[in-house]
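Visitor: What follows is a protein structure lacking sequence information:
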């Protein structure tokens, strides 16, 4: 299926947001995820969120420092 990731259309065979992010090397415990208009804070249980064709996924990584 095709989804839009960080503004670009990509192909994936994953069926959950968590599996899709893992495939992309994203640690969802340390990222804010915007999926289909909803914002999920770091550590959200995204394995229960189904990935739908044509949906949009954006990831915002947390950074520390000063």
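Guide: Thanks, I have it. This is a predicted model, so every value here is computed, not measured.
Visitor: ok, which stretches of the protein are strands?
Guide: Assigned strands in the chain, in chain order: 2-5, 8-11, 31-35, 38-40, 56-61 (criterion: DSSP state E).
Visitor: Make a markdown table out of these and add distance to residue 47, mean neighbour count and mean pLDDT.
Guide: C-beta: built from backbone N, CA, C; applies to glycine. Shown next, in a markdown table, are those (distance: least, Cβ to Cβ, whole Å; neighbours: other Cβ atoms under 10 Å; pLDDT from 0 to 100):
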| stretch | distance to residue 47 | mean neighbour count | mean pLDDT |
| --- | --- | --- | --- |
| strand 2-5 | 16 | 16 | 97 |
| strand 8-11 | 20 | 10 | 97 |
| strand 31-35 | 12 | 18 | 96 |
| strand 38-40 | 12 | 12 | 96 |
| strand 56-61 | 14 | 15 | 95 |
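Visitor: Just put those in TSV and tack on distance to residue 24.
Guide: Shown next, in TSV, are the strands of the chain (distance: least, Cβ to Cβ, whole Å):
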stretch	distance to residue 24
strand 2-5	7
strand 8-11	8
strand 31-35	10
strand 38-40	15
strand 56-61	8
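Visitor: Residue 49 is nearest to which of those?
Guide: With respect to residue 49, and counting by Cβ to Cβ, the nearest of the strands of the chain is strand 31-35 at 6.5 Å.
Visitor: okay, the angle between that closest one and strand 56-61?
Guide: Orientation of strand 31-35 against strand 56-61 (axes from the mean of the first three to the mean of the last three Cα atoms, to 10 degrees) gives an angle of 170 degrees.
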